[in-house]
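Participant: Fold the following and give me the result.
(chains A, B and C)
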Amino acid sequence: MSLTLERPAKAPGTTATRPPEKGGRPGRARWVWGWAYSGVLSVALALVVLVGYLADGIASGTVDWGALLTDSVWSPGNLAFGGLAMIYGSAVVCVLALVLAVPVGWAAAIALSEYLPPRLAKPLRLSIELLAAVPSIVYGLIGIMVIRPFVAGLGDVPGGDSILAAGIVLAVMIMPTIVAVSVDALAAVPGRYREAAYSLGLTRREVVRSAVLPQARSGMRAGVLLGLARALGEAIAVFMVIGRADGRLPESFGDFFSSLVRPGQTLTTKLAGPEPMLAGTSGPYFAALCGLGIILLALVAAATVWGTRGTSARVRRGPRVRRTSAWMRGPKDRLTTAVRYGALLLPTALLLGMLGILLARGGAALNPAFWFTPSAGAADGGIRDQIVGTLLLLATTALIALPLGYGAGIVIGTRASAKTSRILETLTVAVGGTPTILLGLAGYVLLCTTMGWGRSWLAGAVVLVPVVVPVVALTTAGRVRGMPGELTESALALGLTRSQYIRSVVIPYTWPATLTGLLLGLARAAGETAPLIFTATVFFGAPALPTGIVNAPVQALPTHIFTLSQDSGAPEAIAQAWGSALVLVLITAGLLTLAVFLRNRFEGARRWTT
Amino acid sequence: MDNVKTGNAHPQNVIAVRDLRVLDGKKTLVGPVTFELPAGSTTGLCGPSGAGKSTVLRALVDLLPHGLRRDGEVDVQGRTICCGKGDASLRSTVVLVPQTPVVFGGSIMDNALFGLRHLVRASRTEMRDRMEKALRESGLWNEVRDRLDTPAQSLSNGQRQRLCLARALALEPAALLLDEPTSALDERSRDTVEESVAALRGNRTVLLVSHDPGQVERLCDRTVRLELPETASLVPA
Amino acid sequence: MSEQLPPVSFFLPHHRKGTAMSVTSTTFRSTVPAFTSRRMRQGAAASAGLVLAAVLTGCAGAAKADTGALQASGSTTVAPVASDAAEALKSKGLNITVATQGGSAGGISQLGTGQIEIALSSKPLSDKDSKAYPDADFVTTQIGADAVGVIITKEVADGGVKSLSKAQVQGLFEGKITNWKEVGGPDLQVFVYDKEPGRGTREVLDKFVYGKGEPPAPPQSANYAVVGGNTETRNKLKSTRGSIAPLSTGFIDGHPDLVAVPLDGIAPSLENVASGKYPMTRPLYMITNGQPKGAAKQYIDYILSAEGQKLLPKHGYLTRQQMGL
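Facilitator: Residues are numbered from 1 along each chain as shown, chains lettered A, B, ... in the order given. Predicted coordinates for the structure are as follows:
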C-alpha cells in the first residue's frame, strides 16, 4: 500500500514487473523435468523396442525354455536348441574379465589421481581414455596376434582360441573404461577431504582408503558396471578369440580349469554370428535365438542388481569402535604405492604396444592423401568418404544421445528413492549391455523396413544412440551421487526448488563426468560394426555426404575395416584395414583431446588450499 | 632475528621455525618467517589476509599444494625436520586443523577415531577412552555422548569444528595448528569453539591463525605477526 | 536422376509371409490393414513409429530423389570384386553401391523383397530360396569360381598326409580322428577350425562330405573351434599346430606354411578344378530378379568382360576362363 502511495504517478506495470518476494522467482527451470524424464523415457523406449522385437520373435515359433536353459546341445539342423553352454560361457568370460580388470583398473585410477603429479597424470589419463576409444575390432585383431599365443603357451594347447583368451581380451577392453570413470570419480572428491586426513598424520594409503574412496565409491562402481555392460554386450573382439565352439561344458570341477583354455561360446557371440540372418524371421530357430537374447538381457539385469546391491545405507547397530590395523604402516604404505604404480604400468604398456602395432601395420594412415582421397575399388585409394561418414554418424548420435543420457543420468542420480534409482540403473545397464547386433536387427526391422527408410545414415545414428545413452547416463549418475553433501545442502538451503537445484548445482558439477561418458560412449559407438552393416552403411559406392534421409547410405570406417579384414585376400586390403583402424583411433583421439581440454578448463588444477 | 640462537637451545620449544620460506619455483611467496612455540603456550599467528598465514601452517606440516616447496629450518621437539621429504608421522605430532570443518561419512565416533584407528594399536576400550577424553577436551562430549553412532553430518557447524578438534586431540599431538577455526562459523558457534580453544590453554601447545585481533587477544599468550611484504616479527603479548 | 530407377516408393515387407507391399512416400495408404488383429501388439509400436516416419519423410521428401544408385549386396567373398568393378564403371557415370549384409543368404533375401537390384552370392540358389520368394524370378550369372581346399599345415603334410579320403575328412571334422597319425601323419593333435554356418566354404565342404544330408551337431571336442572370414581362418591356421580348415585356395597363395591337401588324390590344381575332377568348388554369382537390364546389365557385362575378369585373380578367385566357361 505504501508503495502505491509513494509513487502514484507510476504506471502499475512497474509494480507488476517487480514481482513480490515470494511470487515469480526467476527461472523456475521446470523444463529440467521434461528434459530429464525424456532421457529416462528414451532408455525405456529402447528397452521396449528390444524386448518387443525379441518377444515377437519368440511368439513366432515355440521355444522350449527348459531345453534352452538346461540343455547344452545347439544344432539348428537337428532342431536342438540348448543354450546352457552359452550362458555358462557368458558368465565365465565376464567374471574372468572383471576379476582381471577391476583390481588393476581401480589401482591404476588411484595411482593416476592420488599418486602421480598432475603434469604426468593428465596426459596419461588422456592416453588411457584413448585406449577406451580403440575400436573393438582392433582389440580382436590384437587378441589374435598376442593373446591367443599366450594362452596356447599357458595351457599347452594348440591355437589358443579359448574362454580364457576372451576373458583377457575383454579385461583389456573394459579396463580403460573402468580407469576413466574411476579417475573422474576420484577427481570429484574435494581436496579438503584429503587435507583433513593428511593433517592427522595418515599415510597416503590410509588417506586414500579412509577419506577418498568412501566418497568416490559410487562413481567407481559405476565404472565397473559400465565395464560389465560392455563385457556382456561386446561381440566382435570376443568373436575372434573364443573359438565359438557350441555345447562345451565342463563335466567336473577339475575339468573347469582345463576348459578355460579351450574354445567356448557366449550368448553374444552366438547372436552376433551369422545365425540370426540364417534363421529367417520366424519359426523355432528364430524364436530360440530371440530366447537367447532375452536370456542375455536378463543376465545383464541380474548382474546389475548384484553389482549395485548394498548401495543403500548400511545400518550398524550401537556405537562400535571400528579398528584398523595400525601395524607396519610404513611398509604397507610403500607396498601399496608400488602396487598402484605397478598397476599403472599395465595400461601404459598396453597403450604403447597398441600404438606400436597400429603404427607398424597402419602406416598408410600417415599419408595425408589417404585421408583426403576417396576410395577406388575395394581397397585402393584413400578413405575420405568413410571418414566423413563416420563423423556424420558420430555427430548425429552425439547430438541425440547427449541430452537424453544426461537427463536419464540426472534422474537416476537424484531420485530420492533408492529403489527407483536402482530399477532405472538396472534398466540402463541392460540397454548398455545389449549386444549391438540386436539393436541393429531391431532397428533394421523398425526403421529400415517398417518405416521405409531403407538404408539410411539417420537409422544408423539412431541405432547407435542406445549404445551411447547408458554410458552417458551412468557416468553422470555416478558423479551426481558422489556430490559432496554440503553442495546439495547449501543449494537447497538457499531455497532453490529441486529443478533449480538441478540446473544450477547438479549440471555444472556433473558435466565433466558427462563429457567423459559421452566420449567413452562415442568411442564405443565409433567402433561398432554390427548395427551399421544392417542399417546404414554400404561397403562401396555411397556419396560422401548423403543428400537425404531415405535410402541414403554412407560408408563408415568400422564396417570398412571389418569387411576388409574378414574376407579379402589382397595384401593391400589388409594394409588399408589397418590404416583405417589407425585413422579411426586418431580421429577419436582428436575428439578426446578437444573434450579433455574443455574438461580441464572446468575442473582446474586441484589444489589443497581452500 | 635474535631468536636464531634460542631455536634449539630451548628444549621447552615444541616447534622452532627459522627463516621458513615458501617458494614457487624461484619466487618467494611467503617469508622468511622465524618464530617458536614454547610448550604449553597458545600463540596467535595474525596478519592481513593474503600474507600467507595458512600457507605457513601448511608449510610446517609439509602439506603445500603441488608445485610449492618450502625452505628454511623447522625443528619439532628438538628434531630438525625441514626440509627433507615429508613424513606422515610428523603430521600426527603436529596436527593441522583446517579452516572449514571436514566431516567424513560415517558416525560421530568414526570421525572422532578417524586418525587414531590408523595410528595406534590399542584395544577397543582403550580407543574408546581416548576418544572420550578428546571429545571432553574439545567440549563436545556432553552434546554427543548419547548419539555417537549417528551420522556426523547431522552435527551443526560449530559442533563439526569441535569434532575436528577432537579428532586431532585424540592423537595426543605435541602441537595443534588451528587455521582460522571460527571464520566459517556464526557468532554463537564461534563462542563455543573459542571456549574449547581457551580450555586448551596451558595444557596444549597451540598455534592459532586468526585475522581477528580481538580473538587473538582473548585466546593467545603471544602473537606472531606476518606482514604482507617479507618480514615477520615477534611481538610478545 | 537416371531412368532405370524403380518408382519412388519404399517397401514394407510382410515378414512372416515374405510378400512386399509398396507404400508411397506421401500417403501411407494400405498400411493399416497390414496389421491384422494377430499383430496388433506390434502394430501399436509400429504406428507410433509411422507417425514419426511421416514427419521425418515429410521433411526428407524433397531429398528423396537420391535413390539413383544401383544397389548390390550380399556375400563378403564377392564384395571386393564387385567394388572394384563398380569403381571402374564410376567414370562411365554408373553409380553402384556395394554392401555386405548377411552374406549370400542375406543378399538373396533382400533381392527377393526388392530392396536391392543385384544379390552377390558365393553359393548356388537353393530350392529354399526359390520357395521363400515365389514371386521372384531369380536369374543367376556366374562371374567366376572359387576352389575350396581342405587346408592343413605344412608340418602335417610333410609328416605324411599327402591325401585325404572323404571318410577321413568326415572323421576329422566330426572329431572322430583326433591325431594326425591315424591318417598317416605325425604324432600331433588335430585342431579343427570349422567355418561358421552360412559361410559358402562350409556349405561346399558339407556338400562334399554329406551330399544332400544334414551335417550332425558339432563335436564335443576340445580341439574344435569356429572361424568366420577367410583372413581370420588363414591367420588361425598359420598359428595353430596340427590345424585343419576349409578355405578358398586363393587365400593360401604365397603362404608356404599352408597346404591344400589333395582329396582322394586329386589336388585342387587349375586343370582339376576346370575339368570338374576336384570336388570342392563353388561358383560366384551375381543374381538379378529377371534378366539384367540397364545399369545392372552394364555392370554384369563389365565383370564378364576380359577387363572385369582380371579382378578375380586379384582377390584370390578363379576366372570364368579358368573354369572353362
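
Participant: Might one say that residue B:213 is in contact with residue B:46?
Facilitator: Yes - the pair residue B:213 and residue B:46 qualifies as a contact (Cβ atoms under 8 Å) at a distance of 6.7 Å. Glycine gets a C-beta too; all of them are placed from N, C-alpha and C.

Participant: Which one of those two is surrounded by more residues?
Facilitator: residue B:46 (20 against 11; other Cβ atoms under 10 Å in any protein chain shown).

Participant: How about the contacts made by the more buried one?
Facilitator: Taking Cβ atoms under 8 Å, 6 or more residues apart in numbering or on different chains, we find residue B:46 in contact with B:53, B:209-211, B:213, B:216, B:223-226.

Participant: Can you tell me which of these are buried?
Facilitator: Among the contacts of residue B:46, those classed as buried by 16 or more other Cβ atoms under 10 Å in any protein chain shown are B:53, B:209-210, B:216, B:223-226.

Participant: Which members of these are positioned in strands?
Facilitator: B:209, B:223-226 (DSSP state E).

Participant: Export the residues you listed as a markdown table, with columns for distance to chain C and pLDDT.
Facilitator: Below are these laid out as a markdown table (distance: Cβ to the nearest Cβ, whole Å; pLDDT from 0 to 100):
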| residue | distance to chain C | pLDDT |
| --- | --- | --- |
| B:209 | 64 | 89 |
| B:223 | 75 | 86 |
| B:224 | 73 | 84 |
| B:225 | 73 | 82 |
| B:226 | 68 | 78 |
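
Participant: Including distance to residue B:125, could these go into CSV?
Facilitator: Shown next, in CSV, are these (distance: Cβ to Cβ, whole Å):
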residue, distance to residue B:125
B:209, 36
B:223, 42
B:224, 41
B:225, 46
B:226, 44
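
Participant: can you list the weak-confidence ranges in chain B?
Facilitator: B:1-11, B:81-88, B:228-237 (pLDDT under 70).

Participant: which residues in it form helices?
Facilitator: B:3-9, B:53-60, B:88-93, B:108-112, B:116-119, B:124-137, B:141-144, B:157-169, B:187-200, B:213-219 (DSSP state H).

Participant: do chain C as well
Facilitator: C:40-60, C:79-90, C:103-112, C:127-132, C:154-158, C:166-173, C:200-210, C:230-238, C:270-274, C:294-304, C:306-309, C:311-314.

Participant: Which of these comes out lowest on mean pLDDT?
Facilitator: Set side by side, the helices of chain C give their lowest mean pLDDT on helix C:40-60, at a mean of 39.

Participant: from the contacts of residue B:46, which is closest to chain A?
Facilitator: residue B:53 (11.4 Å; Cβ to the nearest Cβ).

Participant: my read: that closest one touches residue B:47, true?
Facilitator: Yes - judged on Cβ under 8 Å, residue B:53 makes contact with residue B:47 at a distance of 5.8 Å.

Participant: Mutual contacts of the two, please.
Facilitator: Joint contacts of residue B:53 and residue B:47 (Cβ under 8 Å, 6+ apart) are B:211, B:226.

Participant: Give the residue spans of the stretch 251-400 of chain A that score low on pLDDT.
Facilitator: Using pLDDT under 70, the flagged stretches of the stretch 251-400 of chain A are A:307-326, A:377-379.

Participant: Swap in 50 and give it another go.
Facilitator: Along the stretch 251-400 of chain A, the model assigns pLDDT under 50 to residues A:311-317.

Participant: In contact with the spatially most central residue of chain B, which residues are there?
Facilitator: Most central in chain B under Cα atoms, centre = their mean is residue B:177, positioned 1.2 Å from the mean C-alpha point. With contact taken as Cβ under 8 Å, 6+ apart, residue B:177 is in contact with B:57, B:60-61, B:94-97, B:206-207, B:209.

Participant: Go through these and name the one nearest chain C.
Facilitator: Out of the contacts of residue B:177, the member with the shortest distance to chain C (by Cβ to the nearest Cβ) is residue B:61, at 58.5 Å.

Participant: What's the local residue count around the closest one?
Facilitator: Neighbour count for residue B:61, taken as other Cβ under 10 Å: 25.

Participant: Just to check, it is in contact with residue B:91?
Facilitator: Yes - counting by Cβ under 8 Å, residue B:91 is a contact partner of residue B:61 at 5.0 Å.

Participant: Can you work out which residues contact both of those two?
Facilitator: residue A:199.

Participant: Would you pull up the residue in chain B closest to chain C?
Facilitator: residue B:105 (45.0 Å).

Participant: residues contacting the closest residue to that residue other than its chain neighbours?
Facilitator: Among residues not flanking residue B:105 along the chain, residue A:214 sits closest, at 5.1 Å (Cβ to Cβ, 6 or more residues apart in numbering or on different chains). When the contact criterion is Cβ under 8 Å, 6+ apart, the partners of residue A:214 are B:104-106.

Participant: let's see 10 Å
Facilitator: A:189, A:193, B:104-106, B:110 (Cβ atoms under 10 Å, 6 or more residues apart in numbering or on different chains).

Participant: Mark which of those residues are part of strands, please.
Facilitator: Going by DSSP E, the strands hold none of these.

Participant: I'd like those as CSV, with distance to residue A:41 and neighbour count appended.
Facilitator: What follows is the contacts of residue A:214, written out as CSV (distance: Cβ to Cβ, whole Å; neighbours: other Cβ atoms under 10 Å in any protein chain shown):
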residue, distance to residue A:41, neighbour count
A:189, 32, 22
A:193, 37, 21
B:104, 38, 18
B:105, 33, 17
B:106, 37, 18
B:110, 41, 23
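
Participant: by how many degrees do the longest strand seen in chain C and helix C:294-304 diverge?
Facilitator: For chain C, the longest strand by residue count, based on DSSP E, is strand C:138-153. Going by axes from the mean of the first three to the mean of the last three Cα atoms, to 10 degrees, strand C:138-153 is angled at 40 degrees with respect to helix C:294-304.

Participant: List the buried residues of strand C:138-153.
Facilitator: Within strand C:138-153, the residues that count as buried by 16+ other Cβ under 10 Å are C:138, C:141, C:143-153.
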